[in-house]
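> have a look; sequence and predicted model below, questions after that.
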Amino acid sequence: MDFHRELDVKGLNCPLPILRTKKALADMDTGQVLRVLATDPGSLKDFPAFARQTGNELLAQKEENRVYEFFLKRK
């Protein structure tokens, strides 16, 4: 999937991945896509909830070798 910016929050635990994602999205333009890489298992619940609460769109998520990858589209 194409993306405009990547955020690596591997090794960080809740709430830091979400806080850093929120800050990164704030610096992006509407419609741009952010790719986030995380290792916190809580991210699997946190990112869908974050997208619902903020109105940003969670385009995709997947896991590979305990690394969680999320694609969020800026509202």
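Okay, I see it.
> okay, and the residue positioned nearest the centre of the chain sits in which element?
For the chain, the residue nearest the mean C-alpha position is residue 36 (4.3 Å; Cα atoms, centre = their mean). Taking DSSP states H and E as the criterion, residue 36 maps to strand 33-38.
> I'd like the mean pLDDT over that strand, please.
For strand 33-38, the mean pLDDT works out to 98.
> could you list the buried residues of it?
33-36, 38 (16 or more other Cβ atoms under 10 Å). Placement of C-beta: from N, CA and C, glycine included.
> which strands or helices does it pack on?
Other helices and strands packing on strand 33-38, by 3 or more Cβ pairs under 8 Å, 6 or more residues apart in numbering; DSSP states H and E, are strand 5-8, helix 16-26, strand 67-73.
> distance check, residue 26 against residue 11.
The spacing between residue 26 and residue 11, counted by Cβ to Cβ, to the nearest Å, is 22 Å.
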